[in-house]
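1. Build me a model from this:
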Amino acid sequence: MTDDLNVKVTIIFSDPDLNDDELEEQAQNLLTQLKDFDDVEDVERVLDPHPPKGNKSAGSFLVGLVKATANLENAKKLLGFLGDRLGNKVIEMAVEHNGKKLSVKAHSREELEVAVKAAKDFISL
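-> Numbering: from 1, shown residues only. Now for the predicted structure:
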């Protein structure tokens with residue numbers, strides 16, 4: 001399947017009231033849920049391209065980030081799934097499709113509903 005037919009969705013948990021551990025917990029919870037969601041082609045954490053000096057692990061992840069990929073047919077299901085799961089979380093979402101990118105932010109359930117609708121409209125173009 002070519003990249004042109006896939007939709008990539010990156011979720012960034014960005015609540016300023018949460019510390020890195022709490023943001024990580026949200027990201028891990030979403031990662032687990034997405035791995036069980038059949039309509040996702042791939043789900044992963046995002047490696048930090050500039051890990052802290054002295055980091056002994058093979059690689060560290062960017063705090064609070066999860067990236068999921070779905071084919072075009074399932075992308076709207078993925079966005080609906082995210083809308084159901086992330087209702088009251090402060091997030092940023094980037095949607096990439098066909099060489100174009102849409103970035104949206106949501107601080108409430110209402111804003112997330114608008115963001116998910118905008119993302120669905122974006123991939124329908």
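
2. tell me, which strand in this protein spans the most residues?
-> Counting residues, the longest strand in the chain under DSSP state E turns out to be strand 61-71.

3. Each with direction, which strands does it pair with?
-> strand 6-13 (antiparallel), strand 42-47 (antiparallel) (DSSP bridges).

4. got the CA positions of the last one in PDB?
-> Output in PDB follows, covering the C-alpha atoms of strand 42-47 (Å, rounded to 0.1, in the frame of the first residue of the first chain):
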ATOM      1  CA  ASP A  42       0.300   0.700  12.400                       C
ATOM      2  CA  VAL A  43       0.700   2.500  15.800                       C
ATOM      3  CA  GLU A  44       3.900   3.600  17.400                       C
ATOM      4  CA  ARG A  45       5.600   6.000  19.800                       C
ATOM      5  CA  VAL A  46       7.800   8.700  18.200                       C
ATOM      6  CA  LEU A  47      11.500   8.400  18.900                       C
END
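
5. List the buried residues for it?
-> By 16 or more other Cβ atoms under 10 Å, the buried positions in strand 42-47 come out as 43, 45. Every C-beta, even on glycine, is put in place using the N, C-alpha and C of the backbone.

6. mean confidence score for it?
-> Mean pLDDT, computed over strand 42-47, is 92.

7. contact partners of that strand?
-> Residues outside strand 42-47 that contact it (Cβ atoms under 8 Å, 6 or more residues apart in numbering) are 10, 27, 31, 34-35, 37, 59-62, 65-69.

8. switch the cut-off to 7 Å
-> Strand 42-47 is contacted from outside by 31, 34-35, 59, 61-62, 65-69, using Cβ atoms under 7 Å, 6 or more residues apart in numbering.

9. What of stretch 78-97?
-> With Cβ under 7 Å, 6+ apart as the test, stretch 78-97 has contacts from 7-15, 26, 30, 33, 37, 39-40, 68, 70, 101-109, 112-113, 115-116, 119-120, 122-123.

10. Tell me the buried residues within the residues you listed.
-> 7-14, 26, 30, 33, 37, 39-40, 68, 70, 102, 104, 106, 112, 115-116, 119, 122-123.
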